[in-house]
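*Asks:* Turn this into a model:
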Amino acid sequence: MILYLLITLVTVWLAYFVNNAIAEKTDFDRICGRGSGWKTRREMLNGVFLTGIFLILFTVSALRVGIGSDYWVYRYDFLHIIDGDTKVSYEVGFKLLVRALQGLFGYDNYKIIFAFMAFLTCLLFLKGLFAVSDWFVMTFFLFMANGFYFMSFSNVRYYFVLAITAYAMKYLFQKDYVRFVAWIVFAAFFHKSVLLVIPAYLIAYYLKWNKKTIWLIPAVSLVLGFGKFIVRRLVFIFYPFYEGDPILDVETISYVNIAKCFAILLFALLFYRKAIWGNPKAETFFNLNLFALLLYSLGYYIPETSRICYYMIFSHVYLIPIVLKSIEGKKKRLFFVTSVILAYSGYLLIFLEKSKDGTVLLLPYLNWLL
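*Replies:* Numbering: from 1, shown residues only. This next block holds a predicted model:
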């Protein structure tokens with residue numbers, strides 16, 4: 001646990017010195033030193049600090065061995081993909097990647113595959129956070145404190161796709177829908193659940209709350225509450241192997257995530273007029289949180305509800321900083337900033353303590369250097 005807390009503290013400290021005010025004017029690749037070179041001293045420093053954060057996150061993830069609930073499951077599935085002796089339910093993009101990497105680096109060289117996925121996942125997460133956030137250090141702190149980085153040690157395909165989604169989101173706000181959809185379609189070759197992001201994000205972006213649209217909330221609630229059979233049928237069209245599975249097809253209610261979504265909803269509503277109203281990004285994140293709350297509360301019977309909702313609750317890392325920045329009065333803002341930091345620090349400690357459990361397997365940390 002000490003290692004995880006240490007890298008969180010160090011990376012958040014580095015993030016404190018990153019000024020992403022220039023993100024709207026420059027491309028991340030140029031900020032990191034590629035292309036035409038540095039434009040200002042501020043961009044150069046941003047590149048240094050962002051590179052430092054990336055190297056820390058990538059190194060810890062790439063060097064792990066046996067860390068993550070499905071680490072060894074993936075290792076054996078890599079062999080099955082090459083041998084073709086057992087059917088694995090991975091999308092074609094991931095299978096091709098595994099074959100290519102094993103072809104280049106040798107049979108059963110699973111460490112290279114995990115390291116390569118760690119490289120792409122950490123890079124895309126960082127690029128996305130930097131490009132979309134209005135307050136980078138707070139966004140990055142919430143990213144770490146929510147456990148998104150640490151959970152990427154498990155469910156390698158899913159968190160790689162979530163990282164792509166985080167990066168693709170910038171194109172949504174630029175109204176570059178071709179690139180947005182292209183990135184999501186590309187991600188679907190690694191985890192097809194990501195396709196729901198296209199309608200969910202577009203609806204969240206264009207949905208404006210007023211007297212003409214407020215009826216949608218009770219309507220969706222009724223559909224989720226009384227349309228269990230129909231909703232499940234639709235899900236099983238895309239994931240037929242989920243139906244009846246003793247592990248995947250179970251009804252679970254995530255009270256923690258319901259509480260988080262509800263608390264953030266109340267927090268956003270408290271400052272809605274100042275922070276959310278008329279701000280396309282803030283309205284999108286607000287809507288995504290509301291969607292997640294409805295699904296967690298009323299769609300608990302949907303297989304892998306949390307996996308679906310994580311595409312939506314990832315917006316928390318952007319929404320909370322926007323609301324915090326909108327608060328007028330230094331004392332009032334300090335109170336809420338401090339409260340958020342304390343609350344999520346406590347959440348991180350609880351998360352790490354529970355990560356010792358055999359179903360999570362994030363602790364104790366092991367690496368293949370020692």
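*Asks:* Where do the strands of the stretch 251-370 of the chain begin and end?
*Replies:* Using DSSP state E, counting those that start in this stretch, the stretch 251-370 of the chain contains no strands.
*Asks:* Tell me which helix or strand in this protein has the weakest average pLDDT.
*Replies:* helix 28-31 (a mean of 47; mean pLDDT, DSSP states H and E).
*Asks:* Report the buried residues of the helix or strand just after it.
*Replies:* Following helix 28-31 in sequence order, the next helix or strand is helix 41-62 (DSSP states H and E). Neighbour counts over helix 41-62 (16 or more other C-beta atoms under 10 Å) mark 43, 46-47, 49-50, 52-54, 56-58, 60-62 as buried. Any C-beta I mention is one placed from the backbone N, CA and C, and that applies to glycine too.
*Asks:* Pipe those residues into JSON lines and attach pLDDT and distance to L129 per row.
*Replies:* As requested, these are arranged in JSON lines below (pLDDT from 0 to 100; distance: C-beta to C-beta, whole Å):
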{"residue": "E43", "pLDDT": "81", "distance to L129": "17"}
{"residue": "N46", "pLDDT": "87", "distance to L129": "13"}
{"residue": "G47", "pLDDT": "87", "distance to L129": "15"}
{"residue": "F49", "pLDDT": "92", "distance to L129": "13"}
{"residue": "L50", "pLDDT": "94", "distance to L129": "10"}
{"residue": "G52", "pLDDT": "95", "distance to L129": "15"}
{"residue": "I53", "pLDDT": "96", "distance to L129": "10"}
{"residue": "F54", "pLDDT": "96", "distance to L129": "11"}
{"residue": "I56", "pLDDT": "96", "distance to L129": "14"}
{"residue": "L57", "pLDDT": "97", "distance to L129": "11"}
{"residue": "F58", "pLDDT": "96", "distance to L129": "15"}
{"residue": "V60", "pLDDT": "95", "distance to L129": "17"}
{"residue": "S61", "pLDDT": "95", "distance to L129": "16"}
{"residue": "A62", "pLDDT": "94", "distance to L129": "19"}
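*Asks:* part of a strand, is L9?
*Replies:* No - using DSSP: H, G, I helix; E, B strand; the rest coil, the assignment for L9 is helix, not a strand.
*Asks:* picking that back up, go through the buried residues of helix 41-62 and say which is closest to A115.
*Replies:* A62 (3.8 Å; C-beta to C-beta).
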